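In: Based on what follows, work out the 3D shape:
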Amino acid sequence: MSKSGYQTRRSAVHLLDKVMGDGRLMSDVIQAGALQKLDPADRARAQRLATETLRSLERADRLLQKHLKKTPAMTVQNVLRLATVELCQGGAAHGVINDAVEIVSKGKRTAGMKGLVNAVLRKVADKGQEDWDKLRVPRLPKWLRKPLAQAYCNEVMLEIEAAHFAGAPLDLTAKGDAAALAEAVGGRLLPSGSVRLQDAGQVTALPGFTQGQWWVQDAAAALPAKVLKAQPGEKVLDLCAAPGGKTMQIAAAGAHVTAVDDNPARMERLRENLKRVQLQAKVVVGDVMAQEGQYDAILLDAPCSATGTIRRHPDLPFAKDGSEFGDLIGMQEVFLDHAIGLLKPGGRLVFCTCSLLPDEGEVQVEEAVARWADITVDRDAVLIDGVDPAWITEEGGLRLRPDYWAAQGGMDGFYMAMLRKGA
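Out: A predicted model of the protein is given here:
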């Protein structure tokens, strides 16, 4: 048994316990230092194992039900889930089962379950892989599936869930020539100009990372800045900017950008990203509502439910329960009104959220136009490269879904609209 493999799997179980037991997002647990004792390669593997387990949780539980008379304690259940997913995805049974048994045996409250874990996993190893592909694509938890089913038909919901289960490739935004970057990293140039890699490996080892030639950014997340079309010399405000993908796009266009966010740790990442790619921006750690001045253009990536990012963050449906929806929707309205007030006459604002919920997108824009007599929606602005006109919504915004570009690997769910202020 590999000591490294054991430590990696134990750390992955710890991540699962924090998500399933404490309702914490995996990114928050990692940021708090949960994986700091692992080397970078093992840290990445632990995160990947936990992510794959969460993505496949329904299938793992359905297989385990056949071999369990009752649900075991959470940590034991998560050990079984992790091992089941590994076994059914082709993991070597000897190493997977031995590590699972050792993880359980090391816990004072779980040591008595090592025999059960060994027996169950040997049964899973025997026939689990054969049964795995017969199970349905995992569905979202009911608290999230219900509002999304109201927004989209059942057929679309199944396609979205299939996209979530498939996971996400890695997308890059080029600082310069995207076609040259695609050739350098062995990726595919998407219609929108992003570069996609299906199996990227270690990100920091990719060509051009050290030289600051690109940054990681989902193709959908790269579109709001493309819609904004910042011009050289313009005074641009990027609100809720961390970790800085859109800030870097705006800076690369030659605009004078001020990036604002109230999260110090995430803003430190933004500074590090700017330094690596050798771009300039004014970085402000502060409250959106405290910002003053007048700007030619504003990008507001408002705090939201993040329901559009589940293909990359499958922990979200298990760490949250939807209780924050109302507060988020109210915050978006307040932020949007304040941002509109910071626009110069004739200025433009892109409002966007990485949400699949119309209340956090289409409805916000409809209501903002009703509140502000001098604000209009520029539906032509969202007709950029890679956008299907069918994605443009009734009020003139752009609705993106995880099942779009399915053959190329999908995209995050996103909403964006260009608002223009009268002169």
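In: could you pull out the helices for the stretch 101-250 of the chain?
Out: Along the stretch 101-250 of the chain, counting by DSSP state H, counting those that start in this stretch, helices occupy 114-132, 142-151, 154-166, 178-185, 223-228, 245-252.
In: Among those, single out whichever gets nearest to A302.
Out: helix 223-228 (10.9 Å; Cβ to Cβ). Just so you know, the C-beta spots here come from the backbone N, C-alpha and C atoms, and that holds for glycine as well.
In: Can I get the helices of the stretch 101-250 of the chain in a markdown table including mean neighbour count and distance to I375?
Out: A markdown table is the format used below for the helices of the stretch 101-250 of the chain (neighbours: other Cβ atoms under 10 Å; distance: least, Cβ to Cβ, whole Å):
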| stretch | mean neighbour count | distance to I375 |
| --- | --- | --- |
| helix 114-132 | 17 | 51 |
| helix 142-151 | 14 | 24 |
| helix 154-166 | 18 | 30 |
| helix 178-185 | 17 | 33 |
| helix 223-228 | 26 | 16 |
| helix 245-252 | 25 | 21 |
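In: Using a markdown table, lay out these together with distance to E292.
Out: As requested, those are exported to a markdown table (distance: least, Cβ to Cβ, whole Å):
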| stretch | distance to E292 |
| --- | --- |
| helix 114-132 | 57 |
| helix 142-151 | 36 |
| helix 154-166 | 40 |
| helix 178-185 | 36 |
| helix 223-228 | 21 |
| helix 245-252 | 19 |
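In: So which of those helices is nearest A100?
Out: helix 114-132 (5.5 Å).
In: could you give the mean pLDDT of that closest one?
Out: Here helix 114-132 scores 92 as its mean pLDDT.
In: picking that back up, which one of the helices of the stretch 101-250 of the chain lies closest to M418?
Out: helix 223-228 (5.6 Å).
In: What sits closest to R81 if chain neighbours are left out?
Out: A60 (4.4 Å; Cβ to Cβ, 6 or more residues apart in numbering).
In: which strands and helices sit next to the helix or strand hosting the one you found?
Out: Using DSSP states H and E, A60 maps to helix 57-65. Applying 3 or more Cβ pairs under 8 Å, 6 or more residues apart in numbering; DSSP states H and E, we find helix 57-65 packed against helix 74-88, helix 114-132.
In: Export those helices as CSV, with columns for distance to P303.
Out: What follows is the helices and strands packed on helix 57-65, written out as CSV (distance: least, Cβ to Cβ, whole Å):
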stretch, distance to P303
helix 74-88, 29
helix 114-132, 37
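In: out of the helices of the stretch 101-250 of the chain, nearest to L336?
Out: From the helices of the stretch 101-250 of the chain, taking Cβ to Cβ, the stretch that ends up closest is helix 223-228, at 13.9 Å.
In: For that closest one, what is the distance to the chain centroid?
Out: The chain centre lies 18 Å from the centre of helix 223-228; the measure is Cα atoms, centre = their mean, to the nearest Å.
In: what is the rounded mean pLDDT of it?
Out: This predicted structure assigns helix 223-228 an average pLDDT of 98.
In: please begin residue numbering at 738 from this point
Out: Yep, numbering from 738; the last one is helix 960-965 now.
In: As CSV, could you dump the C-alpha coordinates of it?
Out: Provided in CSV are the C-alpha atoms of helix 960-965 (Å, rounded to 0.1, in the frame of the first residue of the first chain):
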residue,chain,number,x,y,z
LEU,A,960,-18.1,36.2,-22.2
PRO,A,961,-19.3,39.1,-19.9
ALA,A,962,-16.0,41.0,-20.5
LYS,A,963,-16.3,40.3,-24.2
VAL,A,964,-19.8,41.7,-24.2
LEU,A,965,-18.5,44.8,-22.3
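In: With that, I have no additional questions.
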